[in-house]
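>>> this is a predicted model, with the sequence first.
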Amino acid sequence: MSGLDSIPIVVAGEIEGRLRTENLGPLLRQLEQALEDLLATGDSTVIDLGAMPFSRQDEEDLRAQLGRGEVSATLNAFGPTLIEETAVPGVWLIEHRDADDRRLTLQLEVARIPSILVTPEEDIGDGLAALKAANTPPDGAL
């Protein structure tokens, strides 16, 4: 054991605290381009904030920059998914959490409506079949 092993090390305060990665500026420019693409082609864009260096302070700055919109939704499947419109129309903040309420992903989606809220064709077909079955009288009686 060296002499350094006997020196106690104490970390005070929050390490990440006010750390900024300087990725907010490039991210905002990426959002501008994604909005231009949405207007020009109708193509949506998903940006996974967990796939890049992005601190809690960056997230706070992003939320302050984008603001809050008028629409929010919660989807419950394998844990809650929080969908929040920002004050920038067409930019949505989507947070997926697990059953223990731990964040799995945080994404920005640039779209008219987030893809997670769009009903798949197969589900619509299943719903139609179920509705027809429920409304069919037994034994063909009217």
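Cool, the structure landed. Numbering: from 1, shown residues only.
>>> any idea how far the nearest residue to Ser72 once chain neighbours are set aside is from Leu19?
Setting aside the residues directly before and after it, Ser72 is nearest to Glu84 in space (Cβ to Cβ, 6 or more residues apart in numbering), at 4.6 Å. C-beta coordinates here come from the backbone N, C-alpha and C atoms, glycine included. For Glu84, the distance to Leu19 equals 24 Å [Cβ to Cβ, to the nearest Å].
>>> which one's more surrounded, the two?
The residue with more neighbours, out of Glu84 and Leu19, is Glu84; 18 against 12, by other Cβ atoms under 10 Å.
>>> tell me the centre residue of the chain?
Per Cα atoms, centre = their mean, the C-alpha nearest to the average position across the chain is that of Ile94, at 1.6 Å.
>>> SS state for the nearest residue to that one once chain neighbours are set aside?
Of all residues not flanking Ile94 in the chain, Gln107 sits nearest, at 4.7 Å (Cβ to Cβ, 6+ apart). Per DSSP: H, G, I helix; E, B strand; the rest coil, the secondary structure class of Gln107 is strand.
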